[in-house]
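*Asks:* Dropping a prediction and its sequence here:
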Amino acid sequence: MGAYYFYVNETKQQYFRIDPAGFDIKKYALGRNIGSRALSYLILDNSYDSTGVESDPLVGSWIGDTFFVTGDDYCEAFDSIKSTYEDIGQSIIELIVRVNPWDLIEYGGADWLINVIEHAGDPITITPPMRKRLSHEFRHANHQNPSDELRRVISALRVESVERD
């Protein structure tokens, strides 16, 4: 199975997986995927110039804090961390959907995003507002510049929407 890797903020007692959706379990993903993009929002100044975000309580919230990366099988205290610290993975994905849904494709990839959509709740849930934002953004872009990748993501969003109704 392998190790799952996490960003852990000891100061705020928060954590999230390097891949907040739980799909990427290899340490090579550190600094190379959607989790690194999420981390950048947490450690950059909460200013539009730094992040392109008008204002959000998560943006810049880890500046000055003690945080580290660990694998769930490397840290003796990991079970305690997981049971007492707050998992902010869902909040981070919601932030990215609000701010720049394209980060999900750029840093995660279309296949990754489709997996997140199809496995909602394990551990990330694509909520109806998130689904609406993603669908609107990607349908508009696909109308302007059609691509198979966008069609597949749009199709996954549509199927999940139909199943939930």
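*Replies:* Nice, thanks for sending it over. Every value quoted in this text rests on a predicted model; they were computed, and no experiment measured them. Numbers count the residues shown, from 1 in each chain.

*Asks:* Can you show me the helices along the chain?
*Replies:* 34-43, 48-51, 78-84, 89-99, 102-103, 110-118, 128-144, 148-164 (DSSP state H).

*Asks:* quick one: contacts for the residue most central in space within the chain?
*Replies:* Closest residue to the average C-alpha location of the chain: Ile93 at 3.7 Å, with C-alpha atoms, centre = their mean. The neighbours of Ile93, taking C-beta atoms under 8 Å, 6 or more residues apart in numbering as the test, are 20-21, 38, 104, 116, 124, 130. Heads up, the C-betas are built off the backbone N, CA and C, glycines and all.

*Asks:* Let's see the least confident helix or strand in the chain by mean pLDDT as PDB, backbone CA atoms only.
*Replies:* Least confident helix or strand of the chain, by mean pLDDT, DSSP states H and E, is helix 48-51 with a mean of 73. Taking Å, rounded to 0.1, in the frame of the first residue of the first chain, the C-alpha atoms of helix 48-51 are listed here in PDB:
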ATOM      1  CA  TYR A  48      -4.000  39.900  -4.100                       C
ATOM      2  CA  ASP A  49      -0.500  40.600  -5.400                       C
ATOM      3  CA  SER A  50       0.900  37.400  -3.900                       C
ATOM      4  CA  THR A  51      -1.900  34.900  -4.600                       C
END
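
*Asks:* Against which helices or strands is it packed?
*Replies:* Counting by 3 or more C-beta pairs under 8 Å, 6 or more residues apart in numbering; DSSP states H and E, no packing neighbours are recorded for helix 48-51 among the helices and strands.

*Asks:* buried set for it?
*Replies:* Across helix 48-51, burial judged by 16 or more other C-beta atoms under 10 Å covers Thr51.

*Asks:* contacts for it?
*Replies:* Here helix 48-51 has contacts from 40-41, 44-45, 54, 59-60, 99, using C-beta under 8 Å, 6+ apart.

*Asks:* Stretch 146-159 too?
*Replies:* Residues from elsewhere that reach stretch 146-159 (C-beta under 8 Å, 6+ apart): 105, 110, 113-114, 117-118, 126, 131, 134-135, 138-139, 141-142.

*Asks:* Restrict stretch 13-20 to CA atoms and write it as PDB.
*Replies:* Output of stretch 13-20 as PDB, limited to C-alpha atoms (Å, rounded to 0.1, in the frame of the first residue of the first chain):
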ATOM      1  CA  GLN A  13      -2.800  21.700  14.900                       C
ATOM      2  CA  GLN A  14      -3.900  21.200  11.300                       C
ATOM      3  CA  TYR A  15      -2.900  18.800   8.600                       C
ATOM      4  CA  PHE A  16      -3.700  17.700   5.100                       C
ATOM      5  CA  ARG A  17      -2.500  15.100   2.700                       C
ATOM      6  CA  ILE A  18       0.100  16.000   0.100                       C
ATOM      7  CA  ASP A  19      -2.700  15.100  -2.200                       C
ATOM      8  CA  PRO A  20      -5.800  16.300  -0.200                       C
END
